[in-house]
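need a 3D model of the following:
(one chain, ligands or ions: 2)
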Amino acid sequence: MKKTIIVTGGAGFIGSNFIFHMLKKYTDYRIICLDCLTYAGNLSTLMPVMDNTNFRFVKESITDRDAVYKLFEEENPDIIVNFAAESHVDRSIHNPEVFLDTNIKGTAVLMDACRKYGIQRCHQVSTDEVYGDLPLDRPDLFFTEDTPIHTSSPYSSSKASADLLVLAYHRTYNLPVTISRCSNNYGPYHFPEKLIPLMIANALNDRPLPVYGEGLNVRDWLYVEDHCKAIDLIIHQGRIGEVYNIGGHNEMRNIDIVKIICKELGKPESLITYVTDRKGHDMRYAIDPTKIHNELGWLPETKFADGIKKTIQWYLDNKEWWETIISGEYQNYYKKMYGNR
Ligand code: NAD
Ligand code: DAU
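Ligands and ions are numbered 1, 2, ... in the order given. Okay, the predicted model is just below:
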């Protein structure tokens with residue numbers, strides 16, 4: 001059945017991949033991207049779908065109540081999927097405030113709009129970081145949906161706050177919500193402030209590869225398309241009021257990822273430079289995806305060995321996309337973050 005879906009934050013990494021997935025799979029759905037184009041939002045990413053008559057782009061902030069209400073009045077959406085967020089942990093350590101505004105207050109505005117105008121499903125895209133971290137010497141431990149919230153950074157605290165609000169709106173106002181908590185994504189259109197695209201861009205430019213601490217921290221990497229497919233399943237078949245963890249049992253140490261990138265690009269490991277660690281740096285993330293597998297039949301399809309090759313090839317084929325980004329304001333960001341590290 002035809003549906004109208006508002007996708008917030010759709011000019012960013014995962015949101016854009018989700019829009020491409022949805023427009024391709026559901027040719028009768030109307031998809032509206034609501035994005036205020038922060039430094040992380042890139043309209044050029046959405047160019048391939050701009051002329052699609054089932055797609056509309058709206059440049060507004062999720063924190064702007066009037067703008068959000070106006071959009072709900074115009075479009076009468078069936079579903080909203082909230083990707084819009086400040087998403088980078090390092091930036092949250094330097095400047096937490098915007099994380100509270102966007103990630104918490106923005107989410108509340110969206111849910112108020114859902115209450116006021118009615119909605120079939122309000123989906124909140126959350127993160128495994130709300131669970132805090134796991135010790136390296138307990139490989140038997142994984143995050144389940146029942147793991148207590150125990151955040152480390154302003155970013156993860158803001159995402160956890162949003163999750164709690166979403167669940168409160170369900171209990172108090174009976175809002176039909178779902179939440180997904182995914183592990184680290186990688187793939188096309190990943191902003192080059194994050195580990196994998198930063199290392200690819202730096203390696204291609206023969207610049208130092210800044211590994212935090214000893215590079216022993218572990219992340220559970222998932223190809224972005226697999227995350228998009230999981231959200232597609234949750235918004236159509238997931239149980240209202242439920243949280244679903246998403247992850248593919250693909251734990252890797254940072255240093256091993258950086259070495260793989262060097263190898264794939266034929267660059268020397270001597271580019272690797274160990275720099276001062278991130279404050280409050282989480283050691284290990286690892287998702288137990290049993291619930292989404294048992295209830296919705298979701299399993300990751302892309303193996304890391306294939307996904308990283310595809311990703312590196314995408315950055316080689318789309319140099320203009322990331323070179324434009326790293327030649328602008330990003331230069332100041334990079335100096336501030338890595339200059340004296
Ligand atoms: P991103 O930083 O690449 O993109 C964020 C997008 O949100 C950008 O287009 C930006 O312009 C937009 N945005 C920011 N503030 C906004 C506002 N006030 N109003 C409207 N739009 C706004 O982020 P991402 O990596 O694609 O992450 C998307 C979501 O997924 C986030 O909620 C994040 O917490 C979550 N998540 C990310 C990962 C990951 O590995 N990247 C993993 C799990 C969960
Ligand atoms: O787990 C899901 C989360 O994954 C999402 O909620 C966040 O939005 C997303 O940014 C990501 O957070 P991380 O902090 O894990 O990702 P990041 O790419 O910033 O860092 C990955 C690891 O690499 C982390 O241990 C820090 C390290 N790192 C990162 C950068 C940018 C480095 O060693 N050097 C770097 O230059």
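
residue contacts, the closest residue to ligand 1 within the chain?
Going by CB to the nearest ligand atom, ligand 1 is nearest to residue 12 of the chain, at 2.0 Å. Backbone N, C-alpha and C define where each C-beta goes, glycine included. Applying CB atoms under 8 Å, 6 or more residues apart in numbering to residue 12 gives the contacts 35, 40, 41, 42, 83, 84, 87, 189, 191.

contact residues of the stretch 101-250 of the chain facing ligand 1?
For the stretch 101-250 of the chain, the residues in contact with ligand 1 (CB under 6 Å from any ligand atom) are 102, 106, 125, 127, 159, 182, 184, 185, 191.

among these, which two are most distant?
Based on CB to CB, the longest span within those runs between 106 and 184 and measures 22.4 Å.

okay, the two: which has more neighbours?
residue 106 (26 against 21; other CB atoms under 10 Å).

assign the more buried one to helix, strand or coil.
helix (DSSP: H, G, I helix; E, B strand; the rest coil).

so residue 252 sits against residue 222, correct?
No - using CB atoms under 8 Å, residue 252 makes no contact with residue 222, being 11.2 Å away.

looking at those two, which is more packed in?
Taking neighbours as other CB under 10 Å, residue 252 and residue 222 compare with residue 222 leading, 27 against 16.

beta partners for the more buried one?
Applying DSSP bridges to residue 222 gives these bridge partners: residue 185.

for the residue of the chain closest to ligand 1, phi and psi?
phi -100, psi -170 (degrees, to the nearest 10).

kindly report the same for the one 3 residues further on.
Comment: the main-chain dihedrals of residue 15 come out as phi -60, psi -40, following degrees, to the nearest 10.

again with the one 4 residues further on
Main-chain dihedrals, residue 19, degrees, to the nearest 10: phi -60, psi -40.

ok, the closest residue to it other than its chain neighbours - contacts?
In space, and not counting its chain neighbours, residue 19 is closest to residue 10: 4.9 Å by CB to CB, 6 or more residues apart in numbering. Listed by CB under 8 Å, 6+ apart, the contact partners of residue 10 are 16, 18, 19, 31, 33, 34, 35, 46, 57, 83.

so who does the residue nearest to the first one when sequence neighbours are not counted touch?
In space, not counting the residues next to it along the chain, residue 16 is nearest to residue 45; the distance is 4.7 Å by CB to CB, 6+ apart. Listed by CB under 8 Å, 6+ apart, the contact set of residue 45 reads 11, 16, 189, 321.

regarding residue 45, what is its secondary structure?
helix.

tell me the pLDDT at it?
As predicted, residue 45 sits at a pLDDT of 98.

and ligand 2, is the lengthiest helix in the chain touching that?
As assigned by DSSP state H, the longest helix anywhere in the chain is helix 154-173. No - using CB under 6 Å from any ligand atom, helix 154-173 stays clear of ligand 2, with a minimum separation of 6.7 Å.

buried stuff in stretch 258-276?
258, 259, 260, 261, 262, 264, 267, 271, 272 (16 or more other CB atoms under 10 Å).

give the contact list for the fourth one.
By CB under 8 Å, 6+ apart, the contact list for residue 261 reads 196, 199, 200, 203, 209, 267, 308, 312.

please report how far the second one lies from ligand 2.
Residue 199 sits at a distance of 7 Å from ligand 2 (criterion: CB to the nearest ligand atom, to the nearest Å).

what about residue 81, which SS state?
Taking three-state DSSP, the label given to residue 81 is strand.

which SSE is immediately downstream of the helix or strand containing residue 293?
Assigned by DSSP states H and E, residue 293 belongs to helix 290-296. Tracing the chain C-terminally past helix 290-296 and defining elements by DSSP H and E, one meets helix 304-317 next.

and this structure, which residues reach ligand 2?
87-89, 127-129, 183-184, 194-195, 198, 210-212, 217, 219, 254, 278, 285.

restricted to buried residues, select the residues of the stretch 101-250 of the chain next to ligand 1 in PyMOL.
Buried subset of these, written as a PyMOL selection, criterion 16+ other CB under 10 Å:
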select buried, resi 102+106+125+127+159+182+184+185+191
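
convert stretch 123-133 to CSV, retaining C-alpha atoms only.
Taking C-alpha atoms only, stretch 123-133 is exported to CSV below (Å, rounded to 0.1, in the frame of the first residue of the first chain):
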residue,chain,number,x,y,z
HIS,A,123,10.8,5.4,14.2
GLN,A,124,13.9,6.6,16.1
VAL,A,125,17.3,5.7,14.8
SER,A,126,19.4,5.2,17.8
THR,A,127,22.8,3.7,18.5
ASP,A,128,24.6,0.9,20.4
GLU,A,129,26.5,3.7,22.2
VAL,A,130,23.6,4.2,24.6
TYR,A,131,24.7,0.9,26.3
GLY,A,132,28.2,2.3,27.1
ASP,A,133,31.1,-0.1,26.5
